[in-house]
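Chemist: mind folding the following:
(2 chains)
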Amino acid sequence: MLIELRKIHKYYGPVKANCGVDLTIEPGVIHGILGENGAGKTTLMKILAGYSEKTSGNILVNHSSVNYKTPSQASELGIGMLYQDPLDFPLLSVLDNFMLGQTTGLVNKKKTFRKIFKKSADALNFSLQPDASVKFLTIGERQQLEILRLLARGIQVLILDEPTTGISTLQKETLFQALKKLASEGKSVILVSHKLEDVESLCERITVLRQGTVAGEMERPFSINVLLEMMFGSPPLPPTRTQIKTGEIILEMNQVSAPGGRTGLKNCDITVRQGEVIGLAGLEGSGQDVFLRIAAGLKQPSKGSIRLQGVKMNGKDYHTYKNQRVTYLPGSRLEEGLISGLSITQHLLLQDIQKGFFVKSFHAFRKAKESITRFRIKAEPESFVESLSGGNQQRLLLSFLPADPILLLLGNPTRGLDMESVLWVWQHLHQYCAHKACIVFSSSELDEILMNADRVLVFFNGVVIKDTRTDRTDVHELGRAIAGKT
Amino acid sequence: MNLDGLLRAKLRLVKVIMKILSRYVFEGVLTLFAVLFFTTIILLVSGAPPFAAYYHIFKGSLGSWIKLGQVIQVWIPLTLCAAGLLYTFRIGLWNIGVEGQVMLGAVFTTAVLRIDAAKSMPMLFIGLSFLAGISGGAIWAIVAGVLKTKGGVNEIFAGLGLNFVGQGIILWLIFGPWRRPGIASMSGTELFPQELWLPIFPAFRLSPVGLVLALSALVLTALLLRYTHMGLNLKAIGNNRDAAYLFGLKPDRYMIIAMIFAGGFAGLAGSIQVAGVYHRLLPAISSNYGYLALLVVMLANYNVWITPLVAFFFACLNVGSIQLPMMLELDSSLSGVIQGTLVLATLAVYSWRIRGKMSGGDAAT
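Modeler: The predicted model follows:
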């Protein structure tokens, strides 16, 4: 089955997730879709699988235009997708899950399906027990189950979204063998991943997406460097920040581990010195968030020790850190940073040292006016924060920062902001370094890290696999580290 | 700010007020229609003439000064409970346990008034009994609050459980240690001596103390929620607990504080029922006013000033529907049906508005 995507556009409000993507998937080929977080891979695949609707563009199956709107219509055409988190029913057995959506009539014909299941599982070398309960299965096994279910429904085009995240090496081996077998039977397999090595070892053809458009295509044999350049763009300007005037140690982590996120954080050894700006690179959920939350006292390490200016901080909560002038700004602004339903003035009242019994609304109103002017926020003091744009929300959050922090922890401080706001935010943040604060921020943009940080930590699978100065590295080296290659 | 800017700001304010007013009026009318529609259907189904029923409810609640007195007598505990619930709703807690908090307030009050010395110093002991009632309700609320913050028990389940325990305690007291000499019956404990009854307005058969307390509770709540750090903090935590924590607030502490206010007011309602209305402890001392107050507050859209109006309306329904069995041979539980319909209709209109807002993309409100 030949699939052609023509000029696919997908907008989420003002955000362009896909911008004129052309893609051809040939039968019998394992096709890799490579790209950074937010490059538009998953969006594109969800459109192909009928999960989300495209804004404009055409999908052709065997040269004829098709128009479908739901996953079930897509699967009737023979297109099926294996999502990052398998869609199954944990309380049911493997066989029940397998049968879902296939049975017709009153009798469920368990015996017949048991035979079909056994046969197709054996064909792909999957060792699944039909009567096991799905909730006890590993992610890898649930994937296998989902693949079998999709195949039983007559899928000709199988889309896999980041299938190698969270599964064991052995399971990966089995999966890859199975995918090769499927391709040899004439089915198309689309492998979406940001892991270079997986795509490289399995696929015959790779399409790289970058910022919603196709950055390039390549057939075997692949050149890693060319692929990296397609993924991350041409090497940016040389880092502008050179002078590092490190002072005393502010934060020290010793063999810190903690669960959480997709990967947790494992055996992290880090020292952060006064005046440093440190960028945390890595695919989203590789441990950066856990790192920031531990450094802020919002999460307790399960192992290892953490010291702030030499004082052991294990077991202390965020408010203790806050009193020591550590500030954390979360990446999700409306979820964690600001309070919907409260105005800017009310936020300033919360921020104010809560002395006295009655709130001083007039005082806060004046302060809100001041902040709005000084931080160039497009809003009124009585505006509710949820009515602000992302850039203005971030400016507002920055206006709450204390005057003399020693450690600023920022989760994706410029996500979703326009260029002007990004520049403004960084100008503002660098002022703090001049006052001897250190800044630790996570970002999915390598360029941003290289431009603004003195040092970069690359996270992969919960481990810091690279810790280097930004003037001694480049996009290629970092890109490789992000993909797990050192 | 120059004059022009001031004028423009004023104009904008007027516009906003108009918008809010028109919205409320529109919603109110819509809700009223929905309620009338549904209750009329229910009345027709149960074979009653709807207009006669409405007339009797009206006459039975506002037809005479005595009736009005009865309505206010119901309004007082309802308003007190509702005022307390405003604090817990503000921080996002569902204080179902308000019912048990009324009961414990009543128990503590009775305990003080039963002391032998009370007769000789009635004013002192009535005062003390009210303080005891407030603490009784507050203690019951703190139990639920601590279970929530320290034990991770949902406050709805904790509250519900404590309601049953509270009822159990009352029954045990009435049939056990506090039973009337010789007999123990569902009619409650022995009446207090006359000196320990709250003074009443003879024309209304209504105690002014309760009225004053309920009104003060409302004003106090309005002030605290609107003009103090505590009020703002409760709202901040209720709207976004994680962000409020990052702002340096301690959600657990404020949850307990909100529970103390809710429990305290509910306990006070219990005190008034004991000292001002029944002059003894009854098994049904709370008369379900706690549960009713939850509906009142929801119906009032968590607004301090609408709450007493809705409470008054509910009180009218409650008192007025007593007429229905006598006049139309209907079951008096019909008032419960009407109140339930009222809440359902309001929630329906409310969710309809939210949905309209989401599809309309009106993010400013």
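Chemist: okay, CA-based contacts and neighbour counts for the rest of this
Modeler: Noted.
Chemist: packing partners for the helix or strand that contains B:Lys148?
Modeler: Per DSSP states H and E, B:Lys148 falls inside helix B:122-149. Secondary-structure packing of helix B:122-149 (3 or more CA pairs under 8 Å, 6 or more residues apart in numbering or on different chains; DSSP states H and E): helix B:98-113, helix B:155-175, helix B:251-272.
Chemist: comparing those helices, which comes out most buried?
Modeler: Burial of the helices and strands packed on helix B:122-149 is given as mean neighbour count (mean count of other CA atoms under 10 Å in any protein chain shown); helix B:98-113 ranks first at a mean of 31.
Chemist: neighbours around whichever residue of the stretch 251-400 of chain A sits closest to chain B, how many?
Modeler: Nearest residue of the stretch 251-400 of chain A to chain B, counting by CA to the nearest CA: A:Phe358, 4.0 Å away. Other residues near A:Phe358 come to 16 when the count uses other CA atoms under 10 Å in any protein chain shown.
Chemist: one more: A:His319?
Modeler: Around A:His319 there are 20 residues (other CA under 10 Å).
Chemist: ramachandran angles for it?
Modeler: Main-chain dihedrals, A:His319, degrees, to the nearest 10: phi -70, psi -30.
Chemist: returning to what we had before: pLDDT on the helix holding B:Lys148, on average?
Modeler: Mean pLDDT, computed over helix B:122-149, is 95.
Chemist: swap in stretch B:24-41?
Modeler: 78.
Chemist: residues of that stretch that come out buried?
Modeler: B:27, B:31, B:34-36, B:38-40 (16 or more other CA atoms under 10 Å in any protein chain shown).
Chemist: from the chain's centre, how far out does that stretch sit?
Modeler: Stretch B:24-41 has its C-alpha centroid displaced from the chain centroid by 22 Å (CA atoms, centre = their mean, to the nearest Å).
Chemist: likewise stretch A:421-436?
Modeler: From the chain centre to the centre of stretch A:421-436 is a distance of 25 Å (CA atoms, centre = their mean).
Chemist: still on that earlier bit, out of the buried residues of stretch B:24-41, which one sits closest to B:Ile170?
Modeler: B:Thr39 (35.2 Å; CA to CA).
Chemist: low-confidence stretches in the chain?
Modeler: Looking at chain A here, since you left the chain open. Chain A contains residues with pLDDT under 70 at A:13-15, A:37-38, A:166, A:234-245, A:352-354, A:418-419.
Chemist: hm, I was asking about chain B
Modeler: Under the criterion pLDDT under 70, the flagged ranges of chain B are B:1-6, B:21, B:23, B:332, B:353-365.
Chemist: show me what the one residue in it that gets nearest to chain A bridges to in the sheet.
Modeler: Ranked by CA to the nearest CA, the top residue of chain B for proximity to chain A is B:Thr228, at 4.0 Å. Note on B:Thr228: beta-bridge partners A:Phe358, judged by DSSP bridges.
Chemist: wait, it touches A:Lys355, no?
Modeler: No - in this structure, B:Thr228 is not within contact of A:Lys355 by CA atoms under 8 Å, at 10.5 Å.
Chemist: the nearest residue to B:Leu324 once chain neighbours are set aside in helix, strand or coil?
Modeler: Nearest residue to B:Leu324 in three dimensions, chain neighbours excluded: B:Leu330, at 5.4 Å (CA to CA, 6 or more residues apart in numbering or on different chains). Put simply, B:Leu330 is coil when judged by DSSP: H, G, I helix; E, B strand; the rest coil.
Chemist: now for B:Leu330, how many residues are close by?
Modeler: With other CA under 10 Å as criterion, B:Leu330 counts 18.
Chemist: for B:Thr346, see how far away it is.
Modeler: 25 Å (CA to CA, to the nearest Å).
Chemist: kindly report the same for A:Thr112.
Modeler: On the measure of CA to CA, A:Thr112 and B:Thr346 end up 52 Å apart.
Chemist: and these two? which has more neighbours close in?
Modeler: Higher neighbour count among A:Thr112 and B:Thr346: B:Thr346, with 23 against 9, using other CA under 10 Å.
Chemist: buried set for stretch B:289-303?
Modeler: Buried positions in stretch B:289-303, judged by neighbour count with 16+ other CA under 10 Å: B:289-300, B:302.
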